[in-house]
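J.: Here you go, sequence then predicted model.
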Amino acid sequence: MHRLQCCKDLDWDKPLNNDLVREWKNIYRQANSSPIIRVPRFVGPRDGEYKLIAFTDASRSLYGVVVFICHIETNRCCFLQAKNRMVNTHLKNKSIPSLELNAVLFGVESLMELHRDLTGGVCMKPVNISELLLYTDSICSLHWLDSCVSKMEKMQRLGVFTTNRLNAIQRLCEKYPVKFCFVSGKENPADSNTRPFSYRSLMKTNFLIGPDSNFIKTEDELSVIIPNPLTVDKMAPVIDYNVYVGINSEHSLNNSENAHLIDPNDISDFRRLVLIHRRVLRCGMKWKQKIGIEGSPKSPNSNLFAQALSQIISTEQKLFFPEVFSYFQDQKVRLKDLPKIVTQLNVFLDINNVIRVKVSLRHGRFNNRTFHLNQNVYREFRSDPPSIPFNNVFIDYLGPFTVKKDSESQKVWLLIFACTWSRGIDLRICNDLSVKEFLRSFQLHCFNYGVPQLVVSDLGSQLVAGANHNS
């Protein structure tokens, strides 16, 4: 496939020559005659502690990654994922170290994707993953990573291709730190992912079983951690940390809490504004550690992007809604002077000092007195539903529609299930509007997507009767 892709003489409608046809027949004959490769699905207990281990490798034709999940208590490795990419025409003239670095970037992307899928908000019960490791057999790539983290001057002499991939790796590792280590070519499972193998040759490698337990326990001296752990400089000059604006809520620009750290009018893109703000926060944390201010974190906050975003939004809200912040700071305000936005949206201040809307009651409290809230009762689960498909649904009927069945025309209706989180739609055909037909369609929906926690509908007679029957 790689040879066909890089061949400029072949067009999409040009037939292959006899040699390529004979080679392709040999490939699919071996593939069809090989036994089915089976991978065990059981990894370990759900409440155990795990780490993700990725191996990367590259050749002139392919570069790929193999990911294993390792149970820390037993050191048992299980195959999780393997991916490879063909070296296209844009990469075919690159050197092997450059291709190896490109494979490392591919491995980091796969690690972050798996880490998000296993520990993110979409998981009903996230897996406890405490460490991310990536092994490569390219010493040159490891030295590039080490030089990039250490900010050495020789990094300025690297090409654009290498610099762009090093910067991309650093940006990805800001979400979660990754430790890069060296593995020899013979022990690298990804070596089987970058070259063609027969079934018998593949079963003799560690492509599916992963590295042995002794290899996992071994500490490699040639390793790089990104982001680089901060080291305290004892010779750092004494600097008044109060000059760093916006790092703590106690200090702000020109002693005014309603001023932005960075003027948004000077930045063309909002995401860029947040990234600059995050960089200032990280710089302030480093100086705070160097001068030994009490209460400073031992390691940089991994969620500085969200912290910078909250500070920008909070400052902007103070500029446009000063009366709301005054109300929350001074609870002795008279009822007639209560801001309208508080009564209309039932707003509150979260732990980041950001105004948010909380809709769960029809009445609020003001100085131990109730007041009516002008709001809809279902707005909360519409704005912040649980991250589970079809856990909260809207149901309603659509129709009737005339269809032909056995050469006869009859009317049918569609029962619609709309997920409030994924906005997915599930349609069920009903022959009539009876309670029995509604319960049958509802049961078929539950068989596929599970029993919903909350169902919202109008007061249709069959829907109300079906709800009473289920109760």
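T.: Alright, I've got the coordinates. Numbering: from 1, shown residues only.

J.: Tell me the spacing between residue 468 and residue 397.
T.: 18 Å (C-beta to C-beta, to the nearest Å). In this view, the C-beta of every residue, glycine as well, is placed from N, C-alpha and C.

J.: Which one's more surrounded, those two?
T.: Taking other C-beta atoms under 10 Å, residue 468 and residue 397 do not tie; residue 397 has more neighbours (18 against 9).

J.: Quickly list what the more buried one is bridged to.
T.: residue 415 (DSSP bridges).

J.: That one and residue 416 touch, don't they?
T.: Yes. Residue 397 lies in contact with residue 416 (C-beta atoms under 8 Å); the separation is 7.3 Å.

J.: What sits closest to residue 109 if chain neighbours are left out?
T.: With C-beta to C-beta, 6 or more residues apart in numbering as the criterion, residue 109 has its nearest non-adjacent residue at 6.5 Å, and that residue is residue 172.

J.: Kindly report the same for residue 60.
T.: Among residues not flanking residue 60 along the chain, residue 87 sits closest, at 6.5 Å (C-beta to C-beta, 6+ apart).

J.: Spit out the contact partners of that neighbour.
T.: Contact partners of residue 87, counting by C-beta atoms under 8 Å, 6 or more residues apart in numbering, are 2, 58, 59, 60, 61, 62, 63, 94, 99.

J.: Out of the residues you listed, which end up buried?
T.: Among the contacts of residue 87, those buried by neighbour count (16 or more other C-beta atoms under 10 Å) are 58, 59, 61, 62, 63, 94, 99.

J.: Lowest-confidence one in those?
T.: Within the buried ones among the contacts of residue 87, residue 61 has the lowest pLDDT, namely 87.

J.: Confirm for me that that residue is in contact with residue 86.
T.: Yes. Between residue 61 and residue 86 a contact is recorded at 6.8 Å, counting by C-beta under 8 Å.

J.: ok, so of the buried ones among the contacts of residue 87, who is nearest residue 421?
T.: Ranked by distance to residue 421 (C-beta to C-beta), those are led by residue 63 at 36.8 Å.

J.: host element of the closest one?
T.: Using DSSP states H and E, residue 63 falls within strand 62-71.

J.: still on that earlier bit, quick one: the contacts of residue 87 as TSV, columns for distance to residue 44 too.
T.: Output for the contacts of residue 87, formatted as TSV (distance: C-beta to C-beta, whole Å):
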residue	distance to residue 44
2	37
58	31
59	33
60	38
61	35
62	31
63	30
94	39
99	34
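
J.: Now the two most distant members of the residues you listed.
T.: Distances among these were taken as C-beta to C-beta; the most separated pair is 2 and 94, at 14.2 Å.

J.: residue ranges for the strands of this structure, please.
T.: 49-58, 62-71, 76-86, 128-136, 178-182, 223-226, 347-349, 355-357, 363-366, 369-372, 392-405, 408-419, 425-430, 454-456 (DSSP state E).

J.: Can I get the longest one in CSV, CA atoms only?
T.: In CSV, the C-alpha atoms belonging to strand 392-405 read as follows (Å, rounded to 0.1, in the frame of the first residue of the first chain):
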residue,chain,number,x,y,z
ASN,A,392,-32.9,12.3,30.8
VAL,A,393,-35.4,12.2,27.8
PHE,A,394,-38.3,14.1,26.3
ILE,A,395,-41.0,11.9,24.8
ASP,A,396,-43.9,12.8,22.5
TYR,A,397,-45.9,11.4,19.6
LEU,A,398,-45.6,12.3,15.9
GLY,A,399,-48.1,11.4,13.3
PRO,A,400,-50.3,9.8,12.1
PHE,A,401,-48.6,8.5,9.0
THR,A,402,-50.2,6.4,6.4
VAL,A,403,-48.2,3.3,5.4
LYS,A,404,-48.9,0.2,3.3
LYS,A,405,-48.7,-3.2,5.0
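
J.: okay, the angle between that strand and strand 425-430?
T.: Angle of strand 392-405 versus strand 425-430, following axes from the mean of the first three to the mean of the last three C-alpha atoms, to 10 degrees, is 50 degrees.

J.: Please point out which parts of strand 392-405 sit buried.
T.: Buried positions in strand 392-405, judged by neighbour count with 16+ other C-beta under 10 Å: 392, 393, 394, 395, 397.

J.: which sections of the stretch 251-400 of the chain are below the confidence cut-off?
T.: Within the stretch 251-400 of the chain, the stretches with pLDDT under 70 are 251-258, 292-302, 331-337, 343-344, 358-384.

J.: One more: the stretch 51-200 of the chain?
T.: Those would be 122, 151-156, if you go by pLDDT under 70 across the stretch 51-200 of the chain.

J.: can you give me the helices for the chain?
T.: 2-6, 18-33, 96-119, 139-150, 160-173, 199-203, 213-217, 270-290, 304-320, 322-329, 340-345, 379-383, 435-449, 461-470 (DSSP state H).

J.: Export the ones you listed to a markdown table and append columns for distance to residue 355.
T.: Listed next are those as a markdown table, based on distance: least, C-beta to C-beta, whole Å:
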| stretch | distance to residue 355 |
| --- | --- |
| helix 2-6 | 54 |
| helix 18-33 | 60 |
| helix 96-119 | 29 |
| helix 139-150 | 39 |
| helix 160-173 | 30 |
| helix 199-203 | 58 |
| helix 213-217 | 49 |
| helix 270-290 | 18 |
| helix 304-320 | 5 |
| helix 322-329 | 6 |
| helix 340-345 | 8 |
| helix 379-383 | 14 |
| helix 435-449 | 35 |
| helix 461-470 | 37 |
